[in-house]
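>>> Let me see the structure of the following:
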Amino acid sequence: MFGTKEKPENKGGFIKRLRARINRGDSWLTYDLANLAPGGQIDEDVLEELESLLVMADVGVDTTERIISDLQKRLARKELQDIEALQNGLRTAVRDILNPVEQPLVIDKLDGPFVILMVGVNGAGKTTTIGKLARRFKDKGLSVMLAAGDTFRAAAVEQLQAWGERNDVPVIAQQSGADPAAVIFDAMEAARARDVDVLLADTAGRLQSQTGLMDELAKVRRVMARRDATAPHEIMLVLDASQGQNALVQAEKFNDALGLTGITITKLDGSAKGGILLAIANQLKVPVRFIGIGESAEDMQPFSAEQFADALLSSGRTG
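Alright, predicted model coming up:
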């Protein structure tokens, strides 16, 4: 079980749901490319209109320019003769951006727990993601413990404890207002004493603009390293796809402060927001571990570049 990767699962149900949910609303995700070129002729005007659609779909200016530049080269080589060629060129450009960040999470057997530090702003779905990850790891035969490091919101501790009960995994928590670093340090001690395989540590949802809170996260990381010089073994940022370009800003801030090793993107079922994953992949190059499209545990799966590209560029009508 240890040292194996979280592989993208070929679950037709998930892919069908992914395609259907990210293809809602009038955006480039559902846009029939034939509408861009009614006569079937692909030219600079068509690419210019596609460029606008990409930007509006949260792909971002830099990433859009990369995609359009690739298509312009294909056009110059007379490779874009029809709509099908345009769609194939677009699909190739998207996959080229996504493939490097398709790096499944590997849980290694260590002398102590494999520690995953979960970070992200309030409302991104961090605590829910922790619950889903706990369920996944348990289903794979791993023992799991949760650390309630978000000590500023009593509701956060209660929510994590509810997930612990639901998944039958222990939760280490202290009173509201306790030092988050101390809580997580104690959880690392407890996990080692109980020979736990994976420790998932929650942290307060913090605004990326609040430097003091970012500094506190860095403190948590330092304290963890005192107990285990190799910890945390994963620093996973949870992002809400419906935040659009603001999600990219969040990712940049967290990466600058902590050095992210993985990203989980939630709420991809929001309309016109699937493009933000492209922007994040192109700008940050941080591995995308999981994507989520709903509330159930089955609605979060390991990220597959090919599956996501296919879902992103398929009409909802074909799902």
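
>>> Check the burial of the closest residue in space to residue 303 that isn't next to it in sequence by counting its neighbours.
Leaving aside its chain neighbours, residue 303 sits nearest to residue 288 (4.3 Å; criterion: Cβ to Cβ, 6 or more residues apart in numbering). Where C-beta positions appear, they are placed from N, C-alpha and C, glycine not excepted. Counted by other Cβ atoms under 10 Å, the residues lying close to residue 288 total 25.

>>> quick one, helices of the protein?
Using DSSP state H, the helices of the chain run over 12-21, 44-56, 61-76, 83-98, 126-139, 154-167, 180-193, 211-227, 245-258, 276-284, 305-312.

>>> related to what we said a few turns ago, the residue nearest to residue 303 contacts residue 104, correct?
No. Residue 288 is beyond contact range of residue 104, at 9.7 Å (criterion: Cβ atoms under 8 Å).

>>> Quickly list what's touching both of those two.
Taking Cβ atoms under 8 Å, 6 or more residues apart in numbering as the contact rule, the neighbours common to residue 288 and residue 104 are residue 303.

>>> Identify the residue nearest residue 148 in space, chain neighbours excluded?
residue 173 (3.8 Å).

>>> How much space separates the one you found from residue 156?
10 Å (Cβ to Cβ, to the nearest Å).

>>> Need phi/psi at the residue sitting furthest away from the middle of the chain.
Using Cα atoms, centre = their mean, the residue of the chain lying farthest from its centre is residue 39. It sits 38.9 Å away. Phi and psi for residue 39, reported as degrees, to the nearest 10, are phi -90, psi 0.

>>> And the pLDDT at it?
You'll see residue 39 listed with a pLDDT of 77.

>>> who's in contact with residue 252?
So residue 252 contacts 283-284 (Cβ under 8 Å, 6+ apart).

>>> So residue 160 is in contact with residue 151, correct?
No. Applying Cβ under 8 Å, one finds residue 160 not in contact with residue 151, separated by 10.9 Å.

>>> quick one, which of these two is more surrounded?
residue 160 (26 against 23).

>>> what's the nearest residue to the more buried one if we skip its chain neighbours?
Using Cβ to Cβ, 6+ apart, the nearest residue to residue 160 is residue 148, at 4.9 Å.

>>> And that neighbour, how far from residue 295?
Separation of residue 148 from residue 295 (Cβ to Cβ): 21 Å.

>>> Compare the two (neighbour count), which wins?
Set residue 148 next to residue 295 and count neighbours by other Cβ under 10 Å: residue 148 wins out with 27 against 14.

>>> pLDDT score for that one?
On the pLDDT scale, residue 148 gets 96.

>>> Now do the contacts for it.
156-157, 160-161, 171-174, 183, 202.

>>> For this structure, name the helix or strand with the lowest mean pLDDT.
Taking mean pLDDT, DSSP states H and E as the measure, the helix or strand of the chain with the lowest value is helix 12-21, at a mean of 72.

>>> Show me what it is packed up against.
Applying 3 or more Cβ pairs under 8 Å, 6 or more residues apart in numbering; DSSP states H and E, we find helix 12-21 packed against helix 305-312.

>>> and the helix it packs on, which residues are buried?
By 16 or more other Cβ atoms under 10 Å, the buried positions in helix 305-312 come out as 305, 307-312.

>>> ok, those vs residue 77, which is closest?
Distance to residue 77 across those (Cβ to Cβ) is lowest for residue 309, with 22.0 Å.

>>> so what's the closest one up against?
91, 94-95, 98.

>>> Distance of the residue nearest to residue 303 relative to residue 83?
29 Å.

>>> just for the stretch 101-250 of the chain, where's the confidence low?
For the stretch 101-250 of the chain, the stretches flagged by pLDDT under 70 are 206-210.

>>> picking up where we left off before, highest neighbour count among the contacts of residue 309?
residue 94 leads the contacts of residue 309 on contacts (other Cβ under 10 Å) with 26 neighbours.
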